[in-house]
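**Q** Okay, structure incoming, though there's no sequence with it:
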């Protein structure tokens, strides 16, 4: 009889531990670790409260605003959301797909001088998959990808 009782107590204890862990993740652990991104309009609307605060900023690269200095590994560009623009500065080479008009998310801090200092730059890309047409060689597909899919 005591083995049935101890087995039942063990199962109840295991269930309680599982429920407690799940509740912690649901109400405390996950919420503090989720990172959303702000748009340039939202960032500017927050004013000085976001200075020197780690955050993510998402938007599009303003066409014609990209200034890349390969010698100093220095990248500057403007990011927009259709309503506002924010200058972005990043050290390090941009991702290969980075270009004018593309959607990007940058991680870093918004400085008091009005520039977003990025420590990480992520490029948004399409999730479309187009299978090759019959008879198309992989080398031909690679050439079209290198030309930007044209």
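**A** Arrived safely, thanks for sending. Since the model is a prediction, treat every value here as computed from it, not as a measurement.
**Q** Give me the buried stretch members for stretch 80-88, please.
**A** By 16 or more other C-beta atoms under 10 Å, the buried positions in stretch 80-88 come out as 80, 81, 85, 86, 87, 88. Where C-beta positions appear, they are placed from N, C-alpha and C, glycine not excepted.
**Q** quick one: pLDDT of the residue minimising distance to the centre of the chain?
**A** The centre of the chain sits closest to residue 105, judged by C-alpha atoms, centre = their mean, with a distance of 4.9 Å. Listed pLDDT for residue 105 reads 93.
**Q** Surely it forms part of a helix?
**A** No: membership of residue 105 in a helix is not supported by DSSP: H, G, I helix; E, B strand; the rest coil, which gives strand.
**Q** Surely it touches residue 124?
**A** Yes: between residue 105 and residue 124 there is a contact at 6.8 Å, judged by C-beta atoms under 8 Å.
**Q** all strands of the protein, in order?
**A** Remark: strands assigned in the chain by DSSP state E are 37-38, 54-61, 67-69, 74-80, 85-91, 103-110, 116-123.
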